[in-house]
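Undergrad: I would like to see how this sequence folds:
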Amino acid sequence: MTDKQKPLSKLTDDKLSREHMPKDYSISVDNYYKGGTDRFLLNPKTERTQPMKGFEAEYTDIIDYIVRITHRIWEEYNVGLIYNYYRHNSQVMDDYAVIHGRETVVENTLMSINAFPDLRGYADEIIWAGNEDVGFHTSHRAVIVGHNTGFSSYGVPTNKKVSYWVIADCLSIENEIYKEWVLYNTTSVINQLGLNVFQLAREVVTPVDFSGMKDSRSGEPQRLLGLGKPIVLPPYEGQDFDVDDFVRRAFHEIWNWRLLGKVNEYYAQNVRFHGTGDREIYGTGQLRSYFISILAMFPNLAHHIDHIYWMGNDAEGYKVSVRWSIEGSHRGPGLYGKPTSKPISMWGISQLTIRAGKILEEWNLFNEFAVLQQILLG
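TA: Predicted coordinates for the structure are as follows:
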């Protein structure tokens with residue numbers, strides 16, 4: 001396949017390109033945790049397995065770096081290590097807004113640990129790409145377990161145990177994280193605490209204050225060209241399986257073209273889908289119904305892929321990280337209540353497992369609580 005045939009659009013932001021995608025799983029979570037997380041942390045590897053200029057010598061590769069600094073900051077309570085591992089002008093996008101500067105990262109981490117002082121984190125998956133020159137991209141999916149014995153932004157302690165997952169998509173270079181997109185399964189946490197998600201969406205103060213700045217105008221999402229139809233992607237002319245083309249085509253045809261029948265073309269019949277709010281979906285029939293429910297609530301939505309990278313090969317399969325965003329209007333009935341016609345901005349991260357040209361499993365998180373706030377506030 002020629003370079004002219006490969007890209008559908010600019011592959012990623014920053015300097016990441018196809019040559020920076022790992023071709024196997026020699027550096028992976030599965031290759032590390034054969035003895036379990038605790039055994040790995042107690043007996044870390046000592047021999048460096050990939051070039052990492054500027055990183056502290058004790059870290060053997062990017063997986064080791066992400067796992068161990070997360071453990072030290074959160075579980076060993078060394079919050080101040082953020083000063084070493086985050087750049088002074090780092091940017092973090094969370095459920096609500098963009099956070100500027102590592103001092104704010106320190107503040108937010110302290111508040112989170114205060115709410116769940118016994119929390120433990122378990123790395124389920126880390127999809128990575130890049131190198132020491134362009135930086136390392138890591139999509140870190142972890143399960144967090146803890147008890148709410150401290151005050152949080154949701155109110156007084158409930159003493160209840162929670163177990164939820166998070167995906168942190170980081171860009172790091174020379175021992176510092178300087179960009180991060182992180183999503184928590186917030187609606188799941190609120191439900192486990194025994195609180196009312198809809199009530200909290202109306203009450204919880206977010207870093208973004210729009211009071212006094214209300215404006216009822218909104219434009220149509222840019223999915224259609226004038227009164228025409230959605231953009232038609234050029235036919236794929238390559239002979240080999242191309243991850244970038246496959247994922248972009250699948251998301252575009254299903255979400256922007258509303259070709260829901262294509263779910264059977266891109267997803268395995270027995271697909272497992274793990275979604276925001278602890279949605280567990282099995283099979284293409286259930287998955288198609290879930291996608292339709294989102295489109296019914298936001299019938300004019302436009303879907304965009306903001307960032308994509310992967311690891312793997314045809315024989316072993318691929319693991320893909322996709323960061324995406326949606327804009328639309330709450331015009332239809334559904335889980336979020338009666339239509340309000342309010343514009344919403346949604347963003348999420350999907351981790352895909354692809355084998356033999358089909359998506360076998362998807363982990364999908366988006367800023368659901370913030371979407372509820374956009375619908376219910378004001």
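
Undergrad: P117 - how many residues pack around it?
TA: Using other C-beta atoms under 10 Å, P117 has 13 neighbouring residues. Quick note: C-beta positions are derived from backbone N, CA and C, even for glycine.

Undergrad: Please apply the same query to the one 10 residues further on.
TA: When neighbours are counted by other C-beta under 10 Å, I127 registers 26.

Undergrad: what does V232 give?
TA: Close neighbours of V232, defined as other C-beta under 10 Å, add up to 10.

Undergrad: for W347, phi and psi?
TA: Here is the backbone geometry of W347 (degrees, to the nearest 10): phi -140, psi 150.

Undergrad: Next one: it from G238, what distance?
TA: Noted for W347: a distance of 30 Å to G238, by C-beta to C-beta, to the nearest Å.

Undergrad: Also E361?
TA: E361 is 25 Å from G238, by C-beta to C-beta.

Undergrad: more neighbours, the two?
TA: E361 (17 against 11).

Undergrad: Now do the contacts for that one.
TA: 271-274, 352-353 (C-beta atoms under 8 Å, 6 or more residues apart in numbering).

Undergrad: Can you tell me the SS state at Q50?
TA: Following DSSP: H, G, I helix; E, B strand; the rest coil, we place Q50 in the coil state.

Undergrad: From I127, how far off is it?
TA: 15 Å.

Undergrad: Also S28?
TA: With the distance defined as C-beta to C-beta, S28 ends up 9 Å from I127.

Undergrad: what's the answer for I177, then?
TA: I177 is 16 Å from I127, by C-beta to C-beta.

Undergrad: The helix or strand where H137 lies - contacts with which helices or strands?
TA: In this assignment (DSSP states H and E), H137 forms part of strand 135-147. In terms of contacts (3 or more C-beta pairs under 8 Å, 6 or more residues apart in numbering; DSSP states H and E), strand 135-147 is packed against helix 62-70, strand 120-131, strand 161-173, strand 343-355.

Undergrad: Can you tell me the strand partners of it and which way each runs?
TA: strand 120-131 (antiparallel), strand 161-173 (antiparallel) (DSSP bridges).

Undergrad: how does the protein divide into domains?
TA: 18-203, 243-376 (automatic domain parsing).

Undergrad: tell me how far the last one is from the chain's mean position?
TA: Taking C-alpha atoms, centre = their mean, to the nearest Å, one finds the center of domain 243-376 at 12 Å from the center of the full chain.

Undergrad: And it, end to end?
TA: Using C-alpha to C-alpha, to the nearest Å, one end of domain 243-376 lies 38 Å from the other.

Undergrad: Please work out the average pLDDT along it.
TA: Domain 243-376 shows a mean pLDDT of 96 in the predicted model.

Undergrad: The longest one too?
TA: The average pLDDT for domain 18-203 rounds to 92.

Undergrad: centre of the chain versus it, how much separation?
TA: 12 Å.

Undergrad: Buried residues in the helix or strand hosting S321, which are they?
TA: Assigning secondary structure by DSSP H and E places S321 in strand 317-329. By 16 or more other C-beta atoms under 10 Å, the buried positions in strand 317-329 come out as 318-329.
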